[in-house]
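In: give me a model of this one.
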Amino acid sequence: MRTKIIMLLVVCSLFAGKVSAQWVVSDPGNLAQGIINASKNIVQTSSTAQNMIKNFQETVKIYQQGKEYYDALKSVHNLVKDARKVQKSILLIGEISDIYVNSFQKMLSDENYTPDELSAIAYGYTQLLQESS
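Out: Numbering: from 1, shown residues only. Below you'll find the model as predicted:
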């Protein structure tokens, strides 16, 4: 029986391959350092997000100031535009009045017009001036 056991062990050792074991590696210092690095990354990310929010708020503030400036310029532009329209209207009325005065003086010096015709023409020019103003 002893020989059978020895023979069995010899046969098993012939068929057995290389056996190697691996030890469980645990590094608590590395694990703690990983947790610290992760928390630092979270803090850095939150501070980056806060900076981004502050930058965005500053951008909104600059946009609002620019919009107020643009609106003020636009209102001034519209005011100047309206003033130019008024200026053109007054110049046009001045030109019409000039034409009226010059033409009426020519008609007064013309002998072909009667006083009734001149008064009718004067009334017509007066109506035209009132309509144009």
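In: and the gap between residue 125 and residue 131?
Out: Per Cβ to Cβ, to the nearest Å, residue 125 is found 11 Å from residue 131. To be clear about C-beta, it is placed using only N, CA and C from the backbone, and glycine gets the same treatment.
In: the two: which has the busier surroundings?
Out: residue 125 (18 against 7; other Cβ atoms under 10 Å).
In: quick check: closest non-adjacent residue to the more buried one.
Out: residue 100 (4.9 Å; Cβ to Cβ, 6 or more residues apart in numbering).
In: pLDDT averaged over the helix or strand that contains that neighbour - what is it?
Out: Taking DSSP states H and E as the criterion, the element that holds residue 100 is helix 28-109. What helix 28-109 shows for mean pLDDT is 80.
In: which other helices and strands does it contact?
Out: Where contact means 3 or more Cβ pairs under 8 Å, 6 or more residues apart in numbering; DSSP states H and E, helix 28-109 is packed against helix 115-132.
In: from residue 66, how far out is residue 73?
Out: 10 Å.
In: what of residue 112?
Out: When residue 112 is compared with residue 66 (using Cβ to Cβ), they lie 68 Å apart.
In: neighbour count: the two, which is higher?
Out: residue 66 (10 against 6).
In: picking up where we left off before, neighbours around the residue nearest to residue 125, how many?
Out: Other residues close to residue 100 by other Cβ under 10 Å number 17.
In: who touches it in this structure?
Out: Taking Cβ atoms under 8 Å, 6 or more residues apart in numbering as the criterion, residue 100 is in contact with 125, 128, 129.
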